[in-house]
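**Student:** let's see this in three dimensions:
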Amino acid sequence: MRNNGIVRAAAVRIALIFISLAGIAALASNCGSGLLPEGAPGSIANPILIESAPFTDTRDTSVQGYYDVDAYPPDVRDMGGPGVFYSIVLTQDMTLSAGVDCDAGTDVDLFLLSSLDPLVLIEAANSTINRFLTSGTYYLGVDTLVVTGVEKAGEYTLTCSLSL
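**Tutor:** Okay, the predicted model is just below:
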């Protein structure tokens, strides 16, 4: 009888280990292509909507970013680190002024796009974009630069304004 109890206890332990491993696998599969669950705000699938201007948003690509994009052709920089995406809908022709500011040790760049699928780059900048745009939907990517294999992820502040 005692051996039967040991066998049951071992079976329970094995079942718990299996359940734990299955849970870890499920969590890993839910991570998608970034640091947050797929479809969370800021991913390429669900950009953060800039509803009004002036607009300011502070985030940290090391904890709130996605590995959605490695490059923005024809730009040749290695943007393989995590990034955050925003969308803005213009109902009339306007000038968009966007800037990104980050601390020392963080290197995120700014990308203005007319499409996310496929990526259509309008302009790329280290920190500031001023561009006249016709009415339509546009996207801003704040993406982490990779230098000699090291991601320069960290906190940034994005500011946007619009003018006629």
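**Student:** tell me the pLDDT at Thr134?
**Tutor:** As summarised for this prediction, Thr134 has a pLDDT of 98.
**Student:** check contacts around the nearest residue to it once chain neighbours are set aside.
**Tutor:** Beyond its immediate neighbours in the sequence, the residue positioned closest to Thr134 (C-beta to C-beta, 6 or more residues apart in numbering) is Asp93, lying 5.0 Å away. C-beta: built from backbone N, CA, C; applies to glycine. Asp93 is in contact with 132-135, 164, counting by C-beta atoms under 8 Å, 6 or more residues apart in numbering.
**Student:** 7 Å - rerun?
**Tutor:** When the contact criterion is C-beta atoms under 7 Å, 6 or more residues apart in numbering, the partners of Asp93 are 133-135.
**Student:** just the buried members of those?
**Tutor:** Buried residues within the contacts of Asp93, defined by neighbour count using 16 or more other C-beta atoms under 10 Å: Leu133.
**Student:** and which of the contacts of Asp93 is nearest Glu123?
**Tutor:** Using C-beta to C-beta, Leu133 comes nearest to Glu123 of the contacts of Asp93, at 10.2 Å.
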